[in-house]
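Colleague: make a model of this:
(one chain, ligands or ions: 2)
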Amino acid sequence: MGAITDEKRNLIIVSNRLPLSVKQVDGAYQSSISSGGLVTSLSGLTKSTKFQWFGWPGIEVKDPKDREDVQKSLEAHNAIPIFLDSSLAHEHYNGFSNRILWPVLHYQSGVVFDETPWQAYRRVNELFADAIAETADSGSLIWVHDYHLMLLPELLRDRLKQQGKSCAIGFSLHTPFPAGDFWRNLPVRKHLIEGMLSSDLIGFHTDEYKQNFIDTCASLLNARTEIPNQIQYKNRLVCINKFIVGIDPEKFTDSLQKPDVQERIRSLKERYKGVKVIVGVDRLDHIKGLTQKLKGFDAFLDDHPELQNKVVLIQVAVPSREDVKEYQDLETELCTIAGKINGKHATPEGTPLLYMHRSVPFNELTALYSVADVCLLTSTRDGMNLVAFEYVACQEECHGVLVLSEFAGAASFMTNGSIPFHPANKTEMSEAIFNALNLDPAERKAKYEYLRGFVNANTSAKWGETFIEKLSLRCRRPGESC
Ligand SMILES: O=P(O)(O)OC[C@H]1O[C@H](O[C@H]2O[C@H](CO)[C@@H](O)[C@H](O)[C@H]2O)[C@H](O)[C@@H](O)[C@@H]1O
Ligand SMILES: O=c1ccn([C@@H]2O[C@H](COP(=O)(O)OP(=O)(O)O)[C@@H](O)[C@H]2O)c(=O)[nH]1
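Modeller: Ligands and ions are numbered 1, 2, ... in the order given. As a prediction, the model looks like this:
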């Protein structure tokens, strides 16, 4: 990982998942890049900043010798594994984080609380706190990420205090934070926000999420919130702000220069000559609105028979959280809808929908982004959505159009440069797709330039550096207002 950080302070990043997930294949341990936006955003920071990254390696390793091997293989990437028993990891990650907490954070109803996964969640947060407190030196900056670790700041602060160490703790939430009443659905809601409030600095993706959190702290904990961007709770001052997460655009533009990617682009363009390509790239998750997307596309095909064989939607649905029943059910549902759409609209010349349920290699992804005339993102809720940024980074030549749900965090910043729509409204989605395909070149260019300016100005490196700078300031002057 890149150059040295701020005043040579030791920086520790903590996330549930490490950037490399370890798997055992034929007895040997292999690691591969983890999927999802958190890894993308933090990986972009590695160019400018050096840090140690603590997290779960994604596999149970019991044998001490094997643990050493895994540790060594990750060491080269400054990644430090926190080993968990598989049943504990399962209850924490699938049971509480993804079946209970994630749906509440994304305004999904019908969530049922269960004590066993909650206890596992607490236990995993404790194990993370033990490992990190032991490694951290006084003066370290500790940056904790995401909803899997909301209790960690409090547990960590207690342990550090017992060990006589003083560190600044930052916390970033990568998901939305819902409006007050929705958060009340969680019986353990108070513990979770008190856990977060032991941080010195808390970051959200948008002003809306930040304000929802502040309102919840005021109503649930009676915390003092009159001064903008700060919360006073139990004699501690916590700074709260919005930090715009982004990508490393150069990584994408560099990929497009590679001869094999150029060749792939040429071959895809040849394959889709005379056909408009719409691309979608989403983890297979309810929040991405994939059911809505397929139904909206179906409506679009119904509305425009004149475009038969002239439009294709290439949808990459990246496998995600496959041990959770709701995710398995969604996969079955999507397969059925995809089959029905092609059954209804296919001709001997081809099918209008290419539904791929797998990950795609990075170079293939950039080639796909680059040949697509339109990128269609239909999230019903989404912390940010970095795919929107990635598509823009790959469209410098063609000025493709972004059709973006108003419920993605990215819409807070990108509405002016995109075509916004409400994902629950099929007609609105169909019209948005049609408008995107028919936008006049001058307007397309103007929209694109707006988006390119935003993506290039708000990189993941800038996001990370800004957060670390603010956190380091909190470390030097903890009592000062934010
Ligand atoms: O680790 P997984 O369970 O496989 O899930 C992948 C990640 O999904 C979520 O990503 C969020 O963070 C992105 C970057 O800030 C944001 O753009 C996106 O809208 C969010 O959904 C999750 O929050 C991460 O912790 C996961 O690693
Ligand atoms: O096969 C793939 C296709 C895409 N992505 C990446 O997954 C991330 C998705 O991030 P986003 O913020 O859009 O949503 P999240 O999945 O984190 O909710 C992007 O960086 C994509 O490039 C991936 O890891 N594997």
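
Colleague: need the residues of the stretch 1-150 of the chain near ligand 2, please.
Modeller: 35-38, 40 (C-beta under 6 Å from any ligand atom). All C-beta atoms are positioned from the backbone trio N, CA, C, and that covers glycine.

Colleague: which residue sits farthest out from the middle of this structure?
Modeller: Distance from the centre of the chain peaks at Pro348, with 39.0 Å (C-alpha atoms, centre = their mean).

Colleague: quick one: the strands in the stretch 351-482 of the chain?
Modeller: According to DSSP state E, counting those that start in this stretch, the stretch 351-482 of the chain carries its strands in the segments 353-356, 374-377, 401-405, 419-421.

Colleague: would TSV of those strands with distance to Ala120 and mean neighbour count be doable?
Modeller: Below are the strands of the stretch 351-482 of the chain laid out as TSV (distance: least, C-beta to C-beta, whole Å; neighbours: other C-beta atoms under 10 Å):
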stretch	distance to Ala120	mean neighbour count
strand 353-356	33	18
strand 374-377	33	26
strand 401-405	33	27
strand 419-421	39	20
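
Colleague: of all the ones you listed, which lies closest to ligand 1?
Modeller: Closest approach to ligand 1 among those (C-beta to the nearest ligand atom): strand 374-377, 10.3 Å.

Colleague: does ligand 2 have contacts with the closest one?
Modeller: No. Residues of strand 374-377 are not located near ligand 2 by C-beta under 6 Å from any ligand atom, the shortest gap being 8.0 Å.

Colleague: what packs against that strand?
Modeller: Contact analysis of strand 374-377 by 3 or more C-beta pairs under 8 Å, 6 or more residues apart in numbering; DSSP states H and E lists strand 276-283, helix 386-393, strand 401-405, helix 426-437 as its packing neighbours.

Colleague: who in the stretch 101-250 of the chain is up against ligand 1?
Modeller: So far as C-beta under 6 Å from any ligand atom goes, the stretch 101-250 of the chain lies against ligand 1 at 146, 174-175, 245.

Colleague: who wins for neighbours among these?
Modeller: Val245 (29 neighbours; other C-beta atoms under 10 Å).

Colleague: look up how far ligand 2 lies from that residue.
Modeller: Look at Val245 and ligand 2: by C-beta to the nearest ligand atom, to the nearest Å, they are 8 Å apart.

Colleague: what distance do you get for that residue to Gly383?
Modeller: Using C-beta to C-beta, to the nearest Å, Val245 is found at 8 Å from Gly383.

Colleague: ok, Leu11 next?
Modeller: For Leu11, the distance to Gly383 - C-beta to C-beta - is 22 Å.

Colleague: neighbour count for the two, which is higher?
Modeller: Each of Leu11 and Gly383 has its neighbours counted (other C-beta under 10 Å); Gly383 has more, 27 against 23.

Colleague: I'd say the more buried one and Glu208 touch.
Modeller: No. If you go by C-beta atoms under 8 Å, Gly383 and Glu208 don't touch, sitting 11.3 Å apart.

Colleague: okay, and the common contacts of these two?
Modeller: Pro176 (C-beta atoms under 8 Å, 6 or more residues apart in numbering).

Colleague: what's the nearest residue to Thr351 once chain neighbours are set aside in contact with, if anything?
Modeller: With C-beta to C-beta, 6 or more residues apart in numbering as the criterion, Thr351 has its nearest non-adjacent residue at 4.5 Å, and that residue is Asn342. Asn342 is in contact with 351-353, counting by C-beta under 8 Å, 6+ apart.

Colleague: same question for Thr135.
Modeller: Neighbours of Thr135 in contact, by C-beta under 8 Å, 6+ apart: 12, 52, 54, 80.

Colleague: neighbour-wise, give me the winner out of the residues you listed.
Modeller: Neighbour-wise, these (other C-beta under 10 Å) top out at Phe54, 23 neighbours.

Colleague: pull the distance from the helix or strand containing that residue to the chain's centre.
Modeller: Using DSSP states H and E, Phe54 maps to strand 52-56. Strand 52-56 has its C-alpha centroid displaced from the chain centroid by 17 Å (C-alpha atoms, centre = their mean, to the nearest Å).

Colleague: right, is that strand up against ligand 1?
Modeller: No. Applying C-beta under 6 Å from any ligand atom, one finds strand 52-56 separated from ligand 1 by no less than 9.8 Å.

Colleague: contacts only, for the residue of the stretch 51-200 of the chain found nearest ligand 2.
Modeller: Nearest residue of the stretch 51-200 of the chain to ligand 2: His174, at 7.0 Å (C-beta to the nearest ligand atom). Residues in contact with His174 (C-beta under 8 Å, 6+ apart) are 37-38, 41, 145-147, 205, 245, 383-384.

Colleague: try it again at 7 Å.
Modeller: Applying C-beta atoms under 7 Å, 6 or more residues apart in numbering, we find His174 in contact with 37-38, 145-146, 383.

Colleague: list the residues that contact both of Val245 and Gly383?
Modeller: By C-beta under 7 Å, 6+ apart, the residues touching both Val245 and Gly383 are His205.

Colleague: the helices in the stretch 51-200 of the chain, which residues?
Modeller: Here the stretch 51-200 of the chain has its helices, by DSSP state H, counting those that start in this stretch, at 64-75, 86-90, 102-105, 115-135, 152-162, 180-183, 189-196.

Colleague: check the residue of the stretch 51-200 of the chain closest to ligand 2 and give its pLDDT.
Modeller: The model reports His174 with a pLDDT of 98.

Colleague: ditto for the one 10 residues further on
Modeller: Confidence per residue is given as pLDDT, and for Arg184 that number is 89.

Colleague: can we start the residue count at 510 from this point?
Modeller: Right, with 510 as the first residue, what we last looked at is Arg693.

Colleague: what is the burial count for it?
Modeller: 13.

Colleague: how near is it to Asn750?
Modeller: Relative to Asn750, and taking C-beta to C-beta, Arg693 is found at 25 Å.

Colleague: the residue lying closest to Phe713 once chain neighbours are set aside: how many residues sit nearby?
Modeller: Nearest in space to Phe713, with sequence neighbours left out and distances taken as C-beta to C-beta, 6+ apart, is Lys719 at 4.2 Å. Other residues near Lys719 come to 20 when the count uses other C-beta under 10 Å.

Colleague: so whichever strand or helix holds Lys719 versus helix 698-705, what angle?
Modeller: With secondary structure defined by DSSP H and E, Lys719 is part of helix 716-730. With axes from the mean of the first three to the mean of the last three C-alpha atoms, to 10 degrees applied, the angle from helix 716-730 to helix 698-705 works out at 120 degrees.

Colleague: just the buried positions in helix 716-730, please.
Modeller: Neighbour-count burial for helix 716-730 flags 717-723, 725-727, 730 (criterion: 16 or more other C-beta atoms under 10 Å).

Colleague: now these as JSON lines including pLDDT and distance to Ser675?
Modeller: JSON lines is the format used below for the buried residues of helix 716-730 (pLDDT from 0 to 100; distance: C-beta to C-beta, whole Å):
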{"residue": "Glu717", "pLDDT": "98", "distance to Ser675": "33"}
{"residue": "Tyr718", "pLDDT": "98", "distance to Ser675": "29"}
{"residue": "Lys719", "pLDDT": "98", "distance to Ser675": "26"}
{"residue": "Gln720", "pLDDT": "98", "distance to Ser675": "30"}
{"residue": "Asn721", "pLDDT": "98", "distance to Ser675": "31"}
{"residue": "Phe722", "pLDDT": "98", "distance to Ser675": "25"}
{"residue": "Ile723", "pLDDT": "98", "distance to Ser675": "26"}
{"residue": "Thr725", "pLDDT": "97", "distance to Ser675": "28"}
{"residue": "Cys726", "pLDDT": "97", "distance to Ser675": "24"}
{"residue": "Ala727", "pLDDT": "97", "distance to Ser675": "28"}
{"residue": "Leu730", "pLDDT": "96", "distance to Ser675": "24"}
